[in-house]
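> Fold the following, please.
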Amino acid sequence: MSSVIEIHRITEKLLNLVEKPVDPDHREDVIKQITSLLEERQQFIDRSEKPKNEKEKQLGEQISKWNKTIIEKLIELKSQVQQDMVNLKKTKVSTKQYSNPYQDVSVSDGMFYDKRK
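Presented below is the predicted three-dimensional model:
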């Protein structure tokens with residue numbers, strides 16, 4: 001089987017995977033699947049040759065179009081993960097402040113030092 005056909009098959013799987021909405025609870029599994037498919041596809045890309053016939057050229061063009069969509073979806077997934085990290089950090093800070101509200105209060109608040117003798 002031609003490497004272009006294999007790349008097309010893997011890219012199609014990847015496209016179907018990223019087009020589905022990702023549940024935050026199962027996001028880690030989806031990212032592992034995406035990583036696995038990308039690594040598998042990269043192995044075929046490294047061994048690939050130029051398209052030999054018209055069918056392979058058409059498949060290559062379709063792969064290129066799919067790649068644009070895949071990249072957009074991966075950028076969206078990355079921004080979702082980043083937003084979740086920011087929200088988690090805010091939650092940690094607010095929980096910490098709630099449990100000990102006077103932790104960040106400066107000791108010298110309200111104190112007055114008179115320099116006169």
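
> Now do stretch 67-75, average pLDDT.
Model confidence over stretch 67-75, given as mean pLDDT, is 95.

> Return the set of buried residues in that stretch.
Along stretch 67-75, these residues count as buried under the neighbour rule (16 or more other C-beta atoms under 10 Å): 70, 73. In short, each C-beta sits where N, CA and C put it, glycine included.

> Repeat that for stretch 55-63.
Neighbour-count burial for stretch 55-63 [16+ other C-beta under 10 Å]: 56, 59, 63.

> Could you dump those residues into TSV with secondary structure, pLDDT and distance to residue 31 added?
As requested, the buried residues of stretch 55-63 are arranged in TSV below (DSSP: H, G, I helix; E, B strand; the rest coil; pLDDT from 0 to 100; distance: C-beta to C-beta, whole Å):
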residue	secondary structure	pLDDT	distance to residue 31
56	helix	88	31
59	helix	91	27
63	helix	92	22
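
> mind giving me CSV with those residues and columns for distance to residue 15?
Formatted as CSV, those follow (distance: C-beta to C-beta, whole Å):
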residue, distance to residue 15
56, 19
59, 13
63, 10
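
> doesn't residue 103 make contact with residue 96?
Yes - here residue 96 reaches residue 103: they are 7.4 Å apart, a contact under C-beta atoms under 8 Å.
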